[in-house]
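> Need a 3D model of the sequence below.
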Amino acid sequence: MPMSLALYLSMSSFALAASISPGPVNIVALTTGLHHGFRASLRHVTGATVGFTALLLLGGFGIAEVLLRWPGATRLIGGAGVAFLLYLAWNLWVSDGRTSAGLATQPPSIAAGFTQQWLNPKAWIAAIAGMGAFGTGGGTLRICLFAALYFAICYASIAAWAYAGARLRHYLDDARRVRAFNRAMAALLALSAAYLALGG
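Next up, the predicted model:
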């Protein structure tokens, strides 16, 4: 069955709302853009986008839902996600305020971006919900089309946060300001970890 324009618009709206809103992945993209520049941040952007798209495909083919039915699977993913967010928050908190410092001595890798998505149980649930709303009932073609559309919108959204971080370099021009910014972002990551730990 051909997909209507209304369905494409609904899919796009869902993908944009889920991808552009503030959250741990976008906070890391913002700080990576600040510390390492836009081009260097694209590795993290790519990894995070590929990671979530892979979850979408797992959701579309029913595998993610099966995995989350295992006893303790959600708690295990959530616990690992909390630990990872706290690790990122700590590195930001203790950074010395130079724009070449921050999350690590090197910008986050593709694998780090991928891992961040897979350690977030809310990303799993969002992938299942998105595919439940738009992917099922239309066969393999619709699942793949939704995943491809989501990939493009997700990549652009996370990249926009990284670009915003790179633009901030012009305004955060001394170590004291960068350190204050780092600590604000670290606090947001820690709050995200607490929210995740409490099952919010």
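
> Helices of this protein, start to end?
Counting by DSSP state H, the chain has helices at residues 5-20, 24-36, 38-60, 63-68, 73-94, 110-118, 121-134, 139-168, 175-197.

> Give me the buried positions along the fifth one.
Pointing back at helix 73-94 there. 74, 77, 78, 81, 82, 84, 85, 86, 88, 89, 91, 92 (16 or more other C-beta atoms under 10 Å). Where C-beta positions appear, they are placed from N, C-alpha and C, glycine not excepted.

> Any idea how many residues pack against the closest residue to residue 46 other than its chain neighbours?
Among residues not flanking residue 46 along the chain, residue 110 sits closest, at 5.4 Å (C-beta to C-beta, 6 or more residues apart in numbering). Using other C-beta atoms under 10 Å, residue 110 has 17 neighbouring residues.

> wait, what's in contact with residue 110?
Residues near residue 110 by C-beta atoms under 8 Å, 6 or more residues apart in numbering: 43, 44, 46, 47, 50.

> From the rest of the structure, what touches stretch 152-162?
Contact with stretch 152-162 is made by 12, 15-16, 18-20, 25-27, 29-30, 32-33, 38, 41-42, 44-46, 48-49, 52-53, as judged by C-beta under 8 Å, 6+ apart.

> buried stuff in it?
153, 154, 155, 156, 157, 158, 159, 160, 161, 162.

> Show the low-confidence segments of this structure, by residue range.
The model of the chain has pLDDT under 70 over residues 1-3, 64-68, 71, 73-74, 97-105, 136-138, 199-200.

> related to what we said a few turns ago, make TSV out of the contacts of residue 110 and add neighbour count and distance to residue 195.
TSV is the format used below for the contacts of residue 110 (neighbours: other C-beta atoms under 10 Å; distance: C-beta to C-beta, whole Å):
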residue	neighbour count	distance to residue 195
43	19	27
44	29	21
46	17	26
47	22	23
50	17	25
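
> Run a quick neighbour tally on residue 143.
20.

> do the same with residue 145
Around residue 145 there are 17 residues (other C-beta under 10 Å).

> Residue 9 too?
For residue 9, using other C-beta under 10 Å, the count is 10.

> Please report how far it lies from residue 149.
Distance, residue 9 to residue 149, using C-beta to C-beta, to the nearest Å: 11 Å.

> Mean neighbour count, the helices of the chain: which tops it?
Mean neighbour count (mean count of other C-beta atoms under 10 Å) peaks for helix 24-36 among those, with a mean of 26.

> and it with helix 121-134, angle?
120 degrees (axes from the mean of the first three to the mean of the last three C-alpha atoms, to 10 degrees).

> Distance from the chain centre to helix 24-36, please.
Relative to its parent chain, helix 24-36 has a centroid offset of 10 Å by C-alpha atoms, centre = their mean, to the nearest Å.

> helices and strands around that helix, which ones?
helix 38-60, helix 73-94, helix 110-118, helix 139-168, helix 175-197 (3 or more C-beta pairs under 8 Å, 6 or more residues apart in numbering; DSSP states H and E).
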